[in-house]
Structure formats: structure tokens, C-alpha cells
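> Just to be clear, the model below is a prediction. Sequence and coordinates:
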Amino acid sequence: MHLIRASSAVGAEIQGVDLANLSDDEFTRIRGAFNAHGVLFFRSQNLSPEQHLAFAKRWGDINVNRFFTALEGHPQIAKVLKDPEQTHNIGGGWHTDHSYDERPAMCSILHAIDTPESGGDTLFAGMGAAYDALSEPFKAMLAPLKAAHSSRHVFGADALYHRAMQGRIGNPEAATQDSVHPVVIGHPETGRPLLYVNPGFTIRIEGWSPKESGMLLEFLYNHTKNPRFHTRFHWQPGSLAIWDNRATWHYALNDYQGQRRYLNRITVEGCALSPAGAA
Ligand SMILES: O=C(O)CCC(=O)C(=O)O
Ligand SMILES: [Fe+2]
């Protein structure tokens, strides 16, 4: 097993493993690398849906996404699909999955089936590196803050995204949950401080006026959008990425109009999030 860092801020590629036949020792090392790098990439993994599920279950219980269309016969696997005639893609803006839940999903495991000839890459941002780059007084200001997150404006019946998705997401009536999390969380396993607000689902800083909230969130988003905190992954059939939803943002590029792109996604349950330093 061999690890190559994808950038100094986030991500690593793991070579020389077969995820369908993973020893306990290999899994332990993969888990350590996941905690250290936020997102791991693998190539040429020819997993059946059952093998994809078996790998996911090593991480924890499966979380069934209530909005995505499931793979036929596999309610625990969501299809991330864009057909040639469709114009919008799933996840085409910076976000982290499930921050609107009180116990946000720990990780998402995406396995590529059909990929476009060119384009369709996914960007990832490292939220530990983004946090580290802030000044100490600014970090101190953020430390006690909490932010509210919601899915209504994304997956609700009136949401533009819901309408643009043309049947690929459903259950708009389930988009009722909101949640509140610290703006800076401690990673549940390593304690590393991570910036935990995202342009997809964060709606306000608790207790701040809409203008104050908008200003701070805009600043944190612009800060994190700096490419020095990012890496970019090019998919091929059989590629697999597993990302930590607490430690990263991601953004699926929509630059392959007229081509089909299809991946299967499994999401693993997470836990309630605590402020950094709370131990
Ligand atoms: O298609 C991708 O690369 C990622 C889509 C996405 O946001 C997700 O599966 O959570
Ligand atoms: Fe996503």
C-alpha cells in the first residue's frame, strides 16, 4: 500500500490496494490516512454494488439519503447521475454533505461507473488548512460562534435546485430539518480544528443580524475558495473517493455537457459535532 499526497492542504491517493479484499491492517491504515488527509482517492476498483456496500459498512452504519434516487434494488446506494440531455448536475457548487442534519454524515463514498471523455472532475477543499491560515485573533472571535444549517432552500419543493434536478432528487417534504453546529468544530477522532460552515447549507450565524451573518460567511467562503486549500480529482471508471464531510468541502464541476456521468454514492452515519478544544 502506497500513499501519495494530492496537495499539501487536502487529499491523498492510495495505491496498491483492492477495496474488495481489504485486510484489517490495510483498513486501519486507510482509516488513519482518511483522518489525516480528509479525502482519499483510489483507482481501478471494480466493485459490485454489494462490494461497495461491504466496504462502506466497515466505516459505520449506512445513512440513507432521503433526497437522492436509489440504485434499483439497492435502497442504500444513491445514484449520482447526469444524462447527456440534462443540464444541471448534482453537487455543482461548494458544499459538504448533510450539514443540515444534527448528526451529519461522517463520510461519502463515491464510485465511478461511467465518466465523460473529458471534464466532470470534483474539487475538494481542506477545512483544517483553511482554518489554520486564519489569524489568531480572528480564530478567537470564531471560537464561540454557532451557525444554523438547512436543507429547505436546496431540497425543498420551492427550491430552484429541486426543480432543476428534473426528478433526480425527491422527497421535498423531508426537507424540514435544520441544525446548529459550532463554526469551528474539533474533528471527532483527531480533535483537529476545522472550519464548519459551507455555501450549500449554512444559513446564518446564530444571534447575528442577517447583514453581519452574510458578511462573515461571505468572508469565510471567499477565504476557503482560495485554490491553495484545494485539490482536484479526475474520475475514470472504477475510481473511488471517500471524503470526510467534517473536514472537507466538495464541488462537482459541470463542464461535460452532452455526455453521461454516473457514479454510485454511499453515505455513512456520523455523530454530533463539538466545538474545537472541547475534547
Ligand atoms: O458527482 C460528484 O463528483 C459529487 C457529487 C456530490 O456532491 C455528492 O455525491 O455528494
Ligand atoms: Fe455532495
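Nice, thanks for sending it over. Numbers count the residues shown, from 1 in each chain. Ligands and ions are numbered 1, 2, ... in the order given.
> From here on, just use CA atoms for contacts and neighbour counts.
Will do.
> Residue numbers of the stretch 1-150 of the chain in contact with ligand 1?
80, 90-91, 97, 122 (Cα under 6 Å from any ligand atom).
> Just put those in TSV and tack on neighbour count.
Formatted as TSV, those follow (neighbours: other Cα atoms under 10 Å):
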residue	neighbour count
80	22
90	19
91	18
97	24
122	18
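> Could you list the low-pLDDT ranges of the stretch 1-150 of the chain?
Under the criterion pLDDT under 70, no range of the stretch 1-150 of the chain is flagged.
> Residues of it that sit close to ligand 2?
With Cα under 5 Å from the ion as the criterion, the stretch 1-150 of the chain comes near ligand 2 at residues 91, 97.
> about what we covered before: adding distance to residue 168, write the residues of the stretch 1-150 of the chain next to ligand 1 out as a markdown table.
Shown next, in a markdown table, are those (distance: Cα to Cα, whole Å):
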| residue | distance to residue 168 |
| --- | --- |
| 80 | 8 |
| 90 | 9 |
| 91 | 12 |
| 97 | 16 |
| 122 | 19 |
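> show me where the stretch 151-279 of the chain has strands.
178-182, 184-186, 193-195, 202-205, 230-233, 240-244, 248-252, 261-268 (DSSP state E, counting those that start in this stretch).
> For ligand 2, find the nearest of these.
Nearest to ligand 2 among the strands of the stretch 151-279 of the chain is strand 248-252; the distance by Cα to the ion comes to 6.4 Å.
> Name the nearest residue to the residue in the chain that ligand 1 sits nearest to, sequence neighbours excluded.
Going by Cα to the nearest ligand atom, ligand 1 is nearest to residue 91 of the chain, at 3.4 Å. Spatial nearest neighbour of residue 91, chain neighbours left out: residue 252 (5.4 Å); criterion: Cα to Cα, 6 or more residues apart in numbering.
> Report how many residues lie close to that neighbour.
20 (other Cα atoms under 10 Å).
> Quick one: residues contacting it.
89-93, 120-123 (Cα atoms under 8 Å, 6 or more residues apart in numbering).
> confidence score at it?
Residue 252 carries a pLDDT score of 98 in this model.
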